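Asks: below is the sequence, then the predicted model.
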Amino acid sequence: MWVIVRLTAREVQRRKLLWMALALGFVFVTLFAVGFHCVHQELISQVGMGRSELQIFVNFFLTAGLYVINFLSVMMAVLTSVGTVSGEIDSHTIQSLATKPVRRWEILLGKWTAYAGMLAIYMACLGGGLFLVVHLIADYTPQNWLGTIGFLTLEGWVILAVTFLGGTFLSTLTNGVLAFMLYGIAFVGGWVEQIGSLMQSEAAVNIGIVTSLLLPSEALWRRAAHLMQPALIRSLPSNPFGTASVPSPAMVVYAGLYIVVLLAVGLWVFGRRDL
């Protein structure tokens with residue numbers, strides 16, 4: 001399996017996927033740093049915010065930046081991995097590996113591990129860069145910042161599990177549509193749950209819970225955002241990045257089991273597919 005991991009990592013390097021994503025991510029972090037510095041200096045010099053009010057603004061600005069990084073990581077997870085299995089099956093290049101003395105589960109799991117590692121590096125660089133920028137400019141480090149990066153990485157791994165399972169029996173295009181549609185459903189369901197919680201609508205909250213069970217991506221984001229925000233921001237009902245309905249720690253466990261189950265089903269389908 002580790003041979004497949006190394007081969008996949010070399011393929012990613014050859015196609016310059018990770019380097020291009022990191023370069024564009026660096027551009028985003030740089031733009032964020034410039035914009036945040038200008039706004040932060042304006043608030044200090046003219047508005048004259050107190051330290052507590054300034055920290056609330058800084059946390060809100062940081063959460064907005066993480067929201068963008070979260071979206072970018074999901075897009076990267078889908079676009080880089082959607083054709084990894086299905087594309088090689090359609091082009092029959094997978095046969096060069098399947099005919100070797102290597103098990104099929106080692107092929108699939110090795111490829112997933114390589115992409116999961118790439119996604120973890122991507123999230124660590126962008127998320128860590130964002131936290132570092134805020135710390136250097138505003139001397140502010142939110143609580144549970146390391147756990148936030150971990151939750152967002154776990155969300156990317158959930159998306160990877162979806163694309164790898166779809167790649168074992170769907171075409172590349174269909175697999176991509178499936179992954180994006182599931183993410184869109186989870187995204188809308190998360191907002192429905194938030195609004196339902198504010199309006200005290202049990203039906204709307206249940207809809208959000210069902211969509212989180214279908215794909216726990218949005219639930220992981222809300223859990224990460226909740227952990228890093230101060231108590232005052234958590235209490236604001238009109239906060240667009242707030243968490244009126246906070247996913248429980250059980251949802252994190254469910255996300256881990258979700259990945260394991262999807263990969264197990266993918267291994268079972270791939271092992272029995274006629275190549």
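Replies: Perfect, I can see it now. Numbering: from 1, shown residues only.

Asks: so where's the stretch 101-250 of the chain uncertain?
Replies: Low-confidence segments of the stretch 101-250 of the chain, defined by pLDDT under 70, span residues 231-245.

Asks: that one: helices as residue ranges?
Replies: Per DSSP state H, counting those that start in this stretch, the stretch 101-250 of the chain has helices spanning 104-138, 145-167, 172-198, 202-214, 217-228, 231-234, 249-272. These are given in chain order.

Asks: wait, residue 78 sits on residue 161?
Replies: No: shown here, residue 78 and residue 161 do not form a contact pair, counting by Cβ atoms under 8 Å, at 11.7 Å. In this view, the C-beta of every residue, glycine as well, is placed from N, C-alpha and C.

Asks: turn the helices of the stretch 101-250 of the chain into TSV, columns for distance to residue 26 and mean neighbour count.
Replies: Supplementary listing: the helices of the stretch 101-250 of the chain in TSV, determined by distance: least, Cβ to Cβ, whole Å; neighbours: other Cβ atoms under 10 Å:
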stretch	distance to residue 26	mean neighbour count
helix 104-138	7	20
helix 145-167	17	23
helix 172-198	25	18
helix 202-214	32	16
helix 217-228	22	24
helix 231-234	28	14
helix 249-272	29	16
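
Asks: now do the contacts for residue 13.
Replies: For residue 13, the set of contacting residues under the criterion of Cβ atoms under 8 Å, 6 or more residues apart in numbering consists of residue 19.

Asks: now it: how far from residue 7?
Replies: 11 Å (Cβ to Cβ, to the nearest Å).

Asks: contacts for stretch 72-85 next, please.
Replies: With Cβ under 8 Å, 6+ apart as the test, stretch 72-85 has contacts from 8, 12, 17, 21, 25, 28, 94, 108, 111, 115, 118-119, 122-123, 126, 152-153, 155-157, 159-160, 163-164, 166-168, 172, 175-176, 179-180, 183, 217, 270.
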